[in-house]
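# After the sequence you'll find the predicted model.
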Amino acid sequence: MFNHLLSLLIWLPVVGAVPVLLAGSARPNLARWLALLMAVLTFVVSLFLLPQFNAADSAMQLTESHMWIASLGVHYGLAVDGISIALILLTTFVGILVIVGAWEVIQDKPHQYMAAMLVLEGLMIGVFCATDALLFYVFFEAMLIPMFILIGIWGGPRRVYATLKFFIYTFLGSIFMLIGLIYLYLKAGTFDLHTLAALPLTMQEQSWLFFAFLIAFAVKVPMVPVHTWLPDAHVEAPTGGSVVLAAVMLKIGGYGFLRFSLPIVPDASEHFAWLVIALSLVAVVYIGYVALVQEDMKKLVAYSSVAHMGFVTLGIFIAFMLVRGAGDVDMAKLGMQGAMVQMISHGFVSGAMFTCIGVMYDRLHTRSIKDYGGVINVMPWFGFFYVLFAMANSGLPGTSGFVGEFMVVLASFKANPWIALFAAFTLIIGAAYTLWMVKRVLWGDITNPHVREMKEINGREAFVLIAFAAAVLALGIWPQPLIHLMDASVSQLVQQLAVHKI
């Protein structure tokens with residue numbers, strides 16, 4: 001079993017979607033229970049990664065390799081490091097919660113909804129395991145299909161517009177990556193990522209490849225200015241779709257930078273690091289102000305995701321300034337670790353925020369902030385969770401939202417105090433737009449009579465919110481296990497940054 005643990009993780013939810021689909025609309029409860037069983041089994045299998053993985057070893061582990069397309073020399077190659085495992089565990093954890101969260105909410109074709117979620121989960125896990133560039137690209141693109149279906153069928157009134165915009169943006173960005181991969185294949189004769197990382201490339205070649213990868217992954221993160229698809233997709237997506245999109249799919253952009261841009265084109269990445277850092281700071285500061293004026297709760301949290309993911313790209317590329325500029329490997333490692341912690345933290349916090357908005361929407365069928373007010377008077381337990389996640393979204397110490405951002409700001413200060421100042425400024429803006437939303441939604445007098453009819457969270461909703469709360473607090477209070485899991489892998493990445501190809 002352990003020889004094919006990664007394949008099992010990928011294909012268990014994908015194959016498990018078949019009986020869920022076959023349950024049909026006539027047996028919706030059977031479809032729900034089968035989907036939950038598959039999601040739980042996938043999470044349990046993912047936990048087996050931890051005892052099988054040696055966190056002190058920076059090499060890719062649990063390797064699987066089988067010839068896939070012999071004529072092209074393409075392999076079905078899988079392996080994981082500490083970063084991959086952290087993201088896989090995040091994916092399987094969130095997978096259970098979105099199934100439970102949609103239990104009573106999705107009444108129209110629940111079997112198809114649950115099946116699409118399971119397929120999406122398997123494909124996302126595939127992205128984090130692939131060591132062959134073409135296999136990575138296949139998983140990277142295939143994810144679009146179930147997400148397209150989730151938004152297009154169970155989305156809001158403008159779902160067609162949102163799905164088309166989402167698909168066109170992400171697909172267009174991926175074409176540039178495909179062109180870059182074809183060029184690398186013609187030069188190296190293989191799609192193996194380890195071989196591509198060792199391939200000598202001129203600065204001109206690296207520059208073109210850097211922008212090919214940048215466009216693809218910047219859309220996925222998303223970075224300014226290719227971020228505009230995200231608020232529309234979030235607003236129209238069902239709650240489960242928003243949770244998966246924010247918690248896991250956005251992380252694939254950051255993960256792509258680590259697997260492609262940094263090891264394959266290190267010199268171009270260093271040369272253009274200023275561009276990514278500048279765009280990250282724009283996301284952190286400007287997008288924060290954009291979030292401040294939003295009246296739709298989902299759109300506000302969507303824009304906050306763009307700002308928080310700016311910390312991820314900032315932490316990744318600030319490492320170049322520290323390794324090659326200041327020569328400070330330890331601080332570069334701290335910045336990279338901060339970026340990774342921020343990715344996992346944002347998965348928990350954003351997933352929780354969208355879940356809270358979904359809970360309110362299910363009762364009042366509106367996401368407009370002005371339609372609420374005084375919610376805590378009728379839903380005190382819900383109010384407790386909402387405030388907790390809002391504090392985490394603001395970066396309050398003791399929550400997961402603080403740890404990664406603090407590490408990135410600390411590393412940025414060593415590179416350039418002005419960068420650190422702009423990055424730290426987001427803590428003020430983040431608190432402003434998040435707490436401004438909480439104030440208007442939870443506190444004050446009840447002006448909308450329908451708010452008085454809102455019912456307290458039920459057991460199913462409480463389970464989801466408690467799970468998210470436990471993750472947010474655990475990572476905020478004791479981040480060491482996560483940092484230890486990724487430490488050797490991050491160290492290896494930082495060492496690669498110092499290697500010149502020209």
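Received, thanks. Please read all numbers here as calculations on a predicted model, not as lab measurements.
# From here on, just use CA atoms for contacts and neighbour counts.
Fine.
# how about the helices in the stretch 151-300 of the chain?
Using DSSP state H, counting those that start in this stretch, the helices of the stretch 151-300 of the chain run over residues 159-188, 193-198, 203-220, 229-236, 239-244, 251-256, 262-264, 266-271, 273-292, 297-320.
# Kindly reformat the ones you listed as CSV containing mean neighbour count, mean pLDDT and distance to Ala420.
As requested, those are exported to CSV (neighbours: other Cα atoms under 10 Å; pLDDT from 0 to 100; distance: least, Cα to Cα, whole Å):
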stretch, mean neighbour count, mean pLDDT, distance to Ala420
helix 159-188, 18, 89, 30
helix 193-198, 17, 89, 31
helix 203-220, 21, 91, 22
helix 229-236, 25, 85, 26
helix 239-244, 28, 89, 30
helix 251-256, 23, 90, 20
helix 262-264, 25, 88, 22
helix 266-271, 22, 88, 19
helix 273-292, 21, 86, 10
helix 297-320, 27, 87, 10
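# Reformat the ones you listed into JSON lines and put distance to Leu34 next to each item.
Below are the helices of the stretch 151-300 of the chain laid out as JSON lines (distance: least, Cα to Cα, whole Å):
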{"stretch": "helix 159-188", "distance to Leu34": "28"}
{"stretch": "helix 193-198", "distance to Leu34": "36"}
{"stretch": "helix 203-220", "distance to Leu34": "31"}
{"stretch": "helix 229-236", "distance to Leu34": "27"}
{"stretch": "helix 239-244", "distance to Leu34": "17"}
{"stretch": "helix 251-256", "distance to Leu34": "27"}
{"stretch": "helix 262-264", "distance to Leu34": "41"}
{"stretch": "helix 266-271", "distance to Leu34": "45"}
{"stretch": "helix 273-292", "distance to Leu34": "39"}
{"stretch": "helix 297-320", "distance to Leu34": "30"}
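# Looking at those helices, which is nearest to Phe406?
Nearest to Phe406 among these is helix 297-320 (9.9 Å), distances taken as Cα to Cα.
# now the closest one, how far from the chain's geometric center?
Put simply, helix 297-320 sits 10 Å off its chain's centre (Cα atoms, centre = their mean, to the nearest Å).
# got it, and stretch 181-193?
On Cα atoms, centre = their mean, the centre of stretch 181-193 falls 27 Å from the chain's centre.
# Find the residue closest to Arg452 in space, skipping its chain neighbours.
Nearest residue to Arg452, sequence neighbours excluded (Cα to Cα, 6 or more residues apart in numbering): Val378, at 6.4 Å.
# Mind checking the helices of the stretch 151-300 of the chain for the one nearest to Pro13?
Ranking those by their distance to Pro13 (criterion: Cα to Cα) puts helix 239-244 first, at 14.9 Å.
# so what does that closest one touch, helix or strand wise?
helix 82-101, helix 144-154, helix 229-236, helix 329-364 (3 or more Cα pairs under 8 Å, 6 or more residues apart in numbering; DSSP states H and E).
# Generate TSV for those, with distance to Leu435 as supplementary columns.
Shown next, in TSV, are these (distance: least, Cα to Cα, whole Å):
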stretch	distance to Leu435
helix 82-101	25
helix 144-154	29
helix 229-236	20
helix 329-364	13
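# in what helix or strand does Ile427 lie?
One thing to correct before we go on: residue 427 is Leu, not Ile. helix 417-442 (DSSP states H and E).
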